[in-house]
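Enquirer: sharing a model that was predicted from the sequence below.
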Amino acid sequence: MKARTPFTREVKLLAEPLSTVEADGVFEGYASLFGITDLGKDVVMPGAFADSLAKRGVAAVRLLWQHDPSEPIGRWLAIEEDRRGLFVRGRLNLAVERAREIHALMRDGAVDGLSIGFCVERARAERPTGLRRLEKLDLWEISVVTFPMLPGARVASVKGGRPDLAGAIRRAAARLFP
């Protein structure tokens, strides 16, 4: 008799590759979603990043590959909380070999995960559920990753620097109707 595993692995793929990639490596998506439980039983609450972003600013939050401090791959252009979560827009530094590789993988739809690196400043545990509600975080890096701890934290688009009207409409609709 075959042994059962205590969990079922679920894999979700993009409907199509992120083929709108231009030469400059700009991408955007949600690095965190409010009120959604991640695989480690953490739930980020709205406003959790506000103080950290006000204190640090965008320039002090690093853009890394797989949370590796020896693998910076670009910089964040914008990081902001909205009703849905932590929305980010970054640019891969295509003068860096690893960033060029990640750019190619993003274009192909092979890599699209985002993950936050932080220190907890205030959280509360819920004993019956085992969840930890993260109320205040010191955000120090956001990484492009293969497997994000929060499965919904994904790159939504990879594009050039020029505004994309259809993408702007989709983002606005997603914010209004999560």
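Expert: Sure, I can see it. Residues are numbered from 1 along each chain as shown.

Enquirer: go through the helix or strand harbouring Trp76 and flag the buried ones.
Expert: Assigned by DSSP states H and E, Trp76 falls within strand 68-81. Residues of strand 68-81 classed as buried by neighbour count (16 or more other C-beta atoms under 10 Å): 71-74, 76, 79, 81. Yep, even glycine has a C-beta here, placed from its N, CA and C like the rest.

Enquirer: got the CA coordinates for that strand in CSV?
Expert: The C-alpha atoms that make up strand 68-81 are tabulated as CSV, following Å, rounded to 0.1, in the frame of the first residue of the first chain:
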residue,chain,number,x,y,z
ASP,A,68,20.7,36.1,-1.1
PRO,A,69,22.4,39.3,0.1
SER,A,70,25.3,38.5,-2.3
GLU,A,71,22.9,38.5,-5.3
PRO,A,72,21.5,42.0,-5.7
ILE,A,73,19.8,42.1,-9.2
GLY,A,74,18.4,45.6,-9.5
ARG,A,75,16.5,48.2,-7.6
TRP,A,76,13.0,49.1,-6.6
LEU,A,77,11.4,52.0,-8.4
ALA,A,78,8.2,52.1,-6.3
ILE,A,79,6.9,50.2,-3.2
GLU,A,80,3.5,51.1,-1.9
GLU,A,81,0.7,49.7,0.2
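
Enquirer: which residues touch the closest residue to Met149 other than its chain neighbours?
Expert: Leaving aside its sequence neighbours, Met149 sits nearest to Asp38 (C-beta to C-beta, 6 or more residues apart in numbering; 4.6 Å). Listed by C-beta atoms under 8 Å, 6 or more residues apart in numbering, the contact set of Asp38 reads 149-151.

Enquirer: using ChimeraX, define a selection of the buried residues within those residues.
Expert: The ChimeraX command for the buried members of the contacts of Asp38 (criterion: 16+ other C-beta under 10 Å) is given here:
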select :150
